[in-house]
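A.B. asks: How does the following fold in three dimensions:
(chains A and B)
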Amino acid sequence: MKKLISALALMVMFAASGPALAVNPDEVLKDPKLEQRARDLSLEIRCVVCQNQSIDDSNADLAKDLRLLVRERLQAGDSDKQVLDYLVDRYGEFVLLKPRIASHTLLLWIGGPLVLLIGGFVIFRNIRKQRSLGPDKEKSGPIPLSDAEKKELEELLKDE
Amino acid sequence: MIVEFGHFALVLALVASLIQSVFPVWGAVRGDSRMMAMASPLAIAMFLLVLLSFFCLTWAYLTSDFSVMNVFQNSHTDKPLIFKISGVWGNHEGSILLWVLILVLFGALVAMFSKNIPNALKATALSAQAWVSAAFLAFVIFTSNPFLRINQPPLQGSDLNPMLQDIGLAIHPPLLYVGYVGFSIVFAFAVAALILGRIDAAWARWVRPWVLVSWIFLTLGIAMGSYWAYYELGWGGWWFWDPVENASFMPWLTGTALLHTAIVMEKRNALKVWTVFLAIVTFSLSLLGTFLVRSGVLTSVHAFAVDPTRGLYILTILMVFIGGSFSLFAWRAPLLKQGGIFAPVSREGALVLNNLFLTTATAIVMFGTLYPLVLEAATGTKISVGAPFFNLTFGPLMMPVLLVMPFGQLLAWKRGDLWAVTQRLVAAFVLCVIATIGLAWFYAGSGVLVIIGFGFATWAIIGSVFEIIDRMNIRRVGLAGGFNRLKGMPRTVWSTALGHLGVGLTALGIVTVSAFESETVLVMHPGDTVEKSGYHVTYDGSWDQRGPNYVERVARYTMRDGGNVVRVLEPSKRVYNASGTPMTETAIATFGFSQVYFAIGDNTDDGGLVTRLYMKPLITLIWIGCLIMSLGGFIALTDRRLRVGAPKPARKSNRHSQPAPAE
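C.D. replies: Next up is the predicted model:
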């Protein structure tokens, strides 16, 4: 029985060819410059059926189709932008791993810089405030003891 | 029967946590020492109960008790022993149970080792932590019970996801969880400080060991996860900016910031409100991470089960805790007195800058992770935010961090002299330029980005150890004197240097592998040889063999350098019997800090095999850097002043203690 399972498994494995890995030798373009552009572009294109993988990394059939498509468009003389436009037309914005700056992605792009600016401003204001207090006026100091602690201290001192 | 014991112990733990949630904090507010005294025994009892429960589940796995649903779904009699054990947390229910186990473990540790902490603070903190425990225990019992039985027990289980059948599963989740959950203690102390309305340098001293422990484990857990993904997923990536990774990275970033502000607070009694804020944020991000991973909002290898009620429950926990703690913060933080002041150019100032960048970095990761989810929920528009976005936005932000690090180490507290520090760092800068030119020459890289990357990484590396060399001052006191000084150096100097050295090494690994990794993809027939980065790789052939619960096709490659065989590698492709899932097992040859990575693809009709070879220069530095960072954290933890149970009165020694160098 086990043998049968193994045999079946092997059949499945080599017939359905298991997990094919990313870019296969037969896909590679002859022109190394064009191939490099294809690889660079592939990194920015999402394999839309996968979990957060670029078509360069993915072994899904769709990713392979997209890789071939990218190469086809490049060979037809498209610019990088034209290739991406073409894919966005067909698959929607979801296909881009780096969203384009637009009204609905604005917050995504400026969110980080905004935090930096606000944080910087808060720090700047605090420095000014400290300056106006004068550098040597430490306003800190030990926190006064609570009543319970004072009592405890007295008890301790009494024992001495 | 044992399984029912486990279930029962879990319910008892919930009851204990509910009592713990109320009485100690009540006692602290009312000044009732009897109620406060309940905290420690209850914390220990909760831990023992959850531990018992965890052992019971492990027992069910070890004995392959398929009448338990959880075991049936995730185990198999043929599964090797280690995976039977690690399989306990290789599923949703078990992993949440592990989460809770670590949570109550931390509570018990605080109960046992914090003798010097004022009773009120300790009791309140343990109560605050018990709120989290109660919420998650209820979550386990009511929505994710691992002890459910099946009426008609099947004879065989359906096996664990093959991707998880790896030693990585035994190590990665426990490390990560200790990190995540450890911050709950810090959170609890912050909440306690807010409730009691008092916070001072002593608070930072009590809390810092817990920050350190959590941070060390989180660092190790993330690094381990990264290495696991690297060798398991089969295309040699080591960080994917996957939402699940981001979920663990965000608390790491704020935890790192917290680690630094806690030092400022302990030494200078400054930045108190900000430290409390970071403590709350860090644990909130841990909770957010748990939500993202466990709710099924994201589907990935980590999301074991998708069940909307669970997602809703965790979302509720998340909102209650985050909303509650921030409201408490807004209400009570103004009561906390601001502490010592400092000039903008000072060590505190450098740490404030570090915090600004780390916080921004966290915000970027958070925007990138949550924005697509929120946008889709709000407008239905689907967008993707992946590696290209993060590389573009996160990368540049790390440059000022690396740049400032060596300055921060040398600047004095309170008021520093930037010009004097710059003068001291001239030598480091010269070394950095030489190292950058050397690296660029060695790797034949000339791009601007490569030079910038090498420059910042070597600056961080050299700058990190520069303080030690500077303090040895061999020129003035001679070699022997220098070594004496080395021995007398405070541990904080070592821990800072190692922590920063680790960051620099990781950065160097990232820069080098990103710029110079090379890939060769080709079809090889038995006997074929290909040249890869100076090595000759021969494909010897392939064969089929059977493992304990899988069958595999193994390919053998021989690597030669000149005529000598240097490595024999056997990557394989597996199919797991129970699930029929195919997996790729890669093979890796390590040379120095670099690795050659082998993965095999399909067989071609004419007997060839698709072979993928990657040269990954200096890639191991990425993880070695993380190990060194953790080591730095560990040394900081062994500092006498922080040792758990300290501070004891200093021993009165007769020998003249040398005046410690100013810190």
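A.B. asks: Okay, and the beta partners of the residue of the stretch 551-663 of chain B found nearest chain A?
C.D. replies: Closest residue of the stretch 551-663 of chain B to chain A, C-beta to the nearest C-beta: B:P582 (3.8 Å). Bear in mind the C-beta positions are built from the backbone N, C-alpha and C, glycine included. B:P582 has these beta-bridge partners by DSSP bridges: B:V575.
A.B. asks: That one against B:S572, yeah?
C.D. replies: No: contact status for B:P582 versus B:S572: not in contact, 10.9 Å apart, counting by C-beta atoms under 8 Å.
A.B. asks: Quick check: can you list the domain ranges of the chain?
C.D. replies: You didn't say which chain, so I picked chain A. A:2-100, A:105-134 (automatic domain parsing).
A.B. asks: Sorry, I should have been clearer: chain B.
C.D. replies: By the record's domain assignment, chain B is partitioned as B:1-151, B:417-516+B:621-638, B:518-616 (automatic domain parsing).
A.B. asks: Confirm A:K150 sits in a helix?
C.D. replies: Yes: using DSSP: H, G, I helix; E, B strand; the rest coil, the assignment for A:K150 is a helix.
A.B. asks: measure it to B:G311 for me?
C.D. replies: 51 Å (C-beta to C-beta, to the nearest Å).
A.B. asks: between the two, which one's more packed in?
C.D. replies: B:G311 (18 against 11; other C-beta atoms under 10 Å in any protein chain shown).
A.B. asks: Just name the most buried of the domains of chain B.
C.D. replies: Neighbour counts (mean count of other C-beta atoms under 10 Å in any protein chain shown) averaged over each of the domains of chain B peak at domain B:1-151, with a mean of 21.
A.B. asks: Next, the contact list for B:F142, please.
C.D. replies: B:Y313 (C-beta atoms under 8 Å, 6 or more residues apart in numbering or on different chains).
A.B. asks: make it 10 Å
C.D. replies: Residues near B:F142 by C-beta atoms under 10 Å, 6 or more residues apart in numbering or on different chains: B:14, B:309-310, B:313.
A.B. asks: Next, count neighbours for the residue of chain A found nearest chain B.
C.D. replies: Residue nearest to chain B within chain A (C-beta to the nearest C-beta): A:L97, separated by 3.1 Å. For A:L97, the count of nearby residues is 23 (other C-beta under 10 Å).
A.B. asks: Same check on the one 4 residues further on?
C.D. replies: Applying other C-beta under 10 Å, we find 11 other residues in the vicinity of A:I101.
A.B. asks: Which residues are in contact with it?
C.D. replies: A:108-110.
A.B. asks: And for B:S325?
C.D. replies: Applying C-beta under 10 Å, 6+ apart, we find B:S325 in contact with B:128, B:131, B:187, B:190-191, B:194, B:276-277, B:279-281, B:283-284, B:287.
A.B. asks: Which single one of those residues is nearest to B:T436?
C.D. replies: Comparing those against B:T436 with C-beta to C-beta places B:V281 closest, at 36.0 Å.
A.B. asks: so where does that closest one fall, helix or strand?
C.D. replies: helix B:272-294 (DSSP states H and E).
A.B. asks: Next: B:T538.
C.D. replies: Short version, using DSSP H and E: B:T538 is in strand B:535-546.
A.B. asks: Would you mind giving the orientation angle of the helix or strand following that strand with respect to strand B:535-546?
C.D. replies: Downstream of strand B:535-546, the first helix or strand assigned by DSSP H and E is strand B:550-561. In terms of direction (axes from the mean of the first three to the mean of the last three C-alpha atoms, to 10 degrees), strand B:550-561 departs from strand B:535-546 by 160 degrees.
A.B. asks: hmm, strand B:550-561 touching chain A?
C.D. replies: Yes: Strand B:550-561 is in contact with chain A by C-beta under 10 Å from any C-beta of the partner chain, via B:550-553.
A.B. asks: CSV please, covering those residues and showing pLDDT.
C.D. replies: Listed next are the residues of strand B:550-561 next to chain A as CSV, based on pLDDT from 0 to 100:
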residue, pLDDT
B:Y550, 89
B:V551, 91
B:E552, 91
B:R553, 91
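A.B. asks: So which of the contacts of A:I101 reach chain B?
C.D. replies: Contacts with chain B within these, as defined by C-beta under 10 Å from any C-beta: A:108-110.
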